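Peer 1: sharing a model that was predicted from the sequence below.
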Amino acid sequence: WSSDVCSSDLVCSQFVCPINCVCQTYTAQCLHQNMTALPQLSQYLRFLSFYGNWLQTWSPEYHQYLQRLNLSNNHIQMLSRPIVMNFLKVIDVSKNFIRLIQSRSFSNMVHLSELYISDNPLKRLSAFSFMGLTNLESLSLSELGLNVIDQCTFCGICNVTFLNLSNNDITGVSKGMFSG
């Protein structure tokens, strides 16, 4: 991370580690702290692991340079749109309580290459759930209890080389779910 993190000495000097977190080279790990909200974070942060907390919602607009985000094992219930994080490459929201992903929730994440949503009580994937993820290569949707995948759910994601739908209860697959 350190090679592309600091574009100037001014940027490097403005990074401050949040309380209750462990930081090193633009990485913050805030693990198992029973935190219900993200702490004040530097806009220059590149990697954030907020694993094992009590986060229910999150607002990504403060983290414009973030490249990796781990929000797994929290209490997030919904991914609403639009999530704007221009440089994000990897996001993990597995092991939460996500029941709904709104259409086009990820439409502004053009650099996202890996998305992990596994182990959430998400029974249905709606049309255009992943629209705009043109650089997505890996999508993990295992252990969701999925019953139905709507038409055009995967429309617009043409570079996926790994799709994990294991351990679901898929009873219906709409014609054209990969079209688009």
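Peer 2: Arrived safely, thanks for sending. Residues are numbered from 1 along each chain as shown.
Peer 1: going forward, measure contacts and count neighbours with C-alpha atoms only.
Peer 2: OK.
Peer 1: from residue 22, how far off is residue 132?
Peer 2: Residue 132 is 33 Å from residue 22, where distance means CA to CA, to the nearest Å.
Peer 1: isn't residue 143 up against residue 118?
Peer 2: Yes - using CA atoms under 8 Å, residue 143 is in contact with residue 118, at 5.7 Å.
Peer 1: between these two, tell me which one has more neighbours.
Peer 2: Neighbours per residue (other CA atoms under 10 Å) separate residue 143 from residue 118, with residue 118 holding more: 25 against 20.
Peer 1: okay but that one is in contact with residue 91, surely?
Peer 2: No - between residue 118 and residue 91 there is no contact under CA under 8 Å: 11.6 Å.
Peer 1: residue 132 and residue 22: who's more crowded?
Peer 2: Shown here are residue 132 and residue 22; by other CA under 10 Å, residue 132 has more neighbours (21 against 13).
Peer 1: separation between that one and residue 44?
Peer 2: Distance, residue 132 to residue 44, by CA to CA: 24 Å.
Peer 1: and what of residue 154?
Peer 2: Applying CA to CA to residue 154 and residue 44 gives a distance of 32 Å.
Peer 1: quick one: which of those two has more around it?
Peer 2: residue 154 (24 against 20).
Peer 1: isn't that one up against residue 130?
Peer 2: Yes - in this structure, residue 154 is within contact of residue 130 by CA under 8 Å, at 6.0 Å.
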